[in-house]
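# when you get a sec, could you give me coordinates for this:
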Amino acid sequence: MRAVTDTSHERASDNSQARGDGRPEMRASDADRDSAAAVLGSAMAAGRLTTTEYAERLDAVYAAKTLGDLAPLTADLPADATNTGPRAADRSEVAARFSKVIRSGRWVAGRRTRLTARFGALIVNLADAVLPGREITLEINAFCGKLIITVPQGAQVIDEGGALFAKRAVYGRRDSADADGPVIRLVGDARFAKVAVYRGHYDPHEAWKQWLPVVAELKELKRRQ
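Predicted coordinates for the structure are as follows:
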């Protein structure tokens, strides 16, 4: 009797080699980078990486051009790291309530970051922050407060939020074709508040001058009620 040999594994291997999958010199795709970033996020959530180590490796992941560049960044982490816990890079929150809060420098933002400014001032600088992907969403919750956001110079800002007796503005607006940086998507509402987005640089003195008319308008509305 003639033995039957299962060659499906061999064919799959041949197909993989034909495509060049797994070769260090192969160009990395966005999906490859996102997968590596997910491993890093779960490793940080499990305590295997410090916040600083995570930020440094995440920067390297999104700068990687080949699979060989990506491999060393997760080589000392479990292969199933994405199943060990929640992805730390998914959500984060920064809030200012009856106070002034500044989040700047090198910090790790979430893919979906909630920004709350209630009877306070919140200044968030994303220009030097570690962004866990090419697109992040900012959930705006501004009420009787001020929210100032600084994004990288080449960022594409998409404002899909609402406003009620409030001002929302994106300064230094660029056309989509010219924006080569990350996509920053704004959702959520601003009520009796101001939300301002700047690219690359934020001058607090100039911003305060722009805020004064809004303050005067809010005071006038309150006086009429």
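# per the record, what domains does the protein have?
Listed by automatic domain parsing, the domain ranges of the chain are 10-79, 91-224.
# and the last one, how far from the chain's centre?
The gap between the average C-alpha position of domain 91-224 and the chain average comes to 14 Å, counting by C-alpha atoms, centre = their mean, to the nearest Å.
# can the domains of the chain go into a markdown table with extra columns for mean neighbour count and mean pLDDT?
Glycine gets a C-beta too; all of them are placed from N, C-alpha and C. Below are the domains of the chain laid out as a markdown table (neighbours: other C-beta atoms under 10 Å; pLDDT from 0 to 100):
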| stretch | mean neighbour count | mean pLDDT |
| --- | --- | --- |
| domain 10-79 | 15 | 77 |
| domain 91-224 | 17 | 84 |
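# list the contacts of Tyr198.
Contact analysis of Tyr198 by C-beta atoms under 8 Å, 6 or more residues apart in numbering lists Ile148, Ile149, Thr150, Val151, Tyr171, Gly172, Ala207.
# farthest-separated two in the residues you listed?
Val151 and Ala207 (14.5 Å; C-beta to C-beta).
# that older thread, redo the contacts of Tyr198 as JSON lines? Include distance to Gly68 and secondary structure.
Output for those, formatted as JSON lines (distance: C-beta to C-beta, whole Å; DSSP: H, G, I helix; E, B strand; the rest coil):
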{"residue": "Ile148", "distance to Gly68": "41", "secondary structure": "strand"}
{"residue": "Ile149", "distance to Gly68": "36", "secondary structure": "strand"}
{"residue": "Thr150", "distance to Gly68": "35", "secondary structure": "strand"}
{"residue": "Val151", "distance to Gly68": "31", "secondary structure": "strand"}
{"residue": "Tyr171", "distance to Gly68": "41", "secondary structure": "coil"}
{"residue": "Gly172", "distance to Gly68": "37", "secondary structure": "coil"}
{"residue": "Ala207", "distance to Gly68": "45", "secondary structure": "helix"}
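# quick check: beta-bridge partners of the residue nearest to Leu126 when sequence neighbours are not counted?
Nearest non-adjacent residue to Leu126, counting by C-beta to C-beta, 6 or more residues apart in numbering: Val151, 5.1 Å away. Counting by DSSP bridges, Val151 forms beta bridges with Arg199.
# that concludes my questions; thank you for your assistance.
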